[in-house]
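J.: build the 3D model from these lines:
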Amino acid sequence: MKKIISLEGGWAGGKTSILKELQANNEKVFCSIVPLIYEMKGRETYSPRDNPEEFTNLFLQLKDQQFNDALLSNANTMYFDRVFFAPIVLRKFFHLEVPGVFYDLAKRVNIHEQVFLVEPIPFENHKNGWPRKFFSYEESLKYHSITRDVITELGYSICVVPYSSSIKERAEFIQNILKVKEGRS
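T.: Model prediction:
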């Protein structure tokens, strides 16, 4: 059975960098689908704030497509930058109703029971200041908190990936937790 490993958390927390490190270690990774949305809608002119309803629906649709493609992969373990928790979290962030289909997809996919919640990088540790995002650092922390609540609400276990001095350490932390869960050392 394929193992779907999810990295969740706020914006600019290091998920993409951790996935790149895992990929360098020959792991199968699936990066964020958000750049695809911007490619479709126009990065400079489109923001999730403009139409959060449309944005979350596109996210759900593209993530479902990404999952279907991933299941065709010959890899047994796959790491994802966010899964179906994210559009639920974003809808809650924007105080939108969450239709049942959002929860149905989150429950349908065989996500590993251990979800990795990537601890935010402290604001002062962003070397070039807060990256150009559509959301502030404070909003990222709020999104992170809602993410924790949604994961728990859906019955998954959370393993916090602690902020550390290197992305390599964070990637190794995840791999070591999974080895322990599988009874390997």
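
J.: how about the most centrally placed residue in the chain, what does it touch?
T.: The chain has R82 as the residue nearest its centroid, 2.0 Å off, counting by Cα atoms, centre = their mean. With contacts defined as Cβ atoms under 8 Å, 6 or more residues apart in numbering, R82 is in contact with S6, L7, E8, K15, S32, K63. From N, CA and C alone the C-beta is placed, and that goes for glycine too.

J.: at 10 Å what do you get?
T.: R82 makes contact with 6-9, 15, 30-34, 59, 63, 89-90, 147, according to Cβ atoms under 10 Å, 6 or more residues apart in numbering.

J.: so which strand or helix has the residue nearest to F59 when sequence neighbours are not counted?
T.: Distance criterion Cβ to Cβ, 6 or more residues apart in numbering; nearest residue to F59, sequence neighbours excluded, is P87 at 4.6 Å. Element membership of P87, judged by DSSP states H and E, is helix 85-93.

J.: so for that helix, mean pLDDT?
T.: The average pLDDT for helix 85-93 rounds to 95.

J.: next, the buried residues of stretch 58-75.
T.: Going by neighbour count (16 or more other Cβ atoms under 10 Å), the buried part of stretch 58-75 is L58, F59, L60, L62, K63, D64, Q66, F67, A70.

J.: the helix or strand encompassing H144: which residues count as buried?
T.: According to DSSP H and E, H144 maps onto helix 137-153. By neighbour count on 16+ other Cβ under 10 Å, the buried set for helix 137-153 is Y137, S140, L141, Y143, H144, I146, T147, R148, V150, I151.
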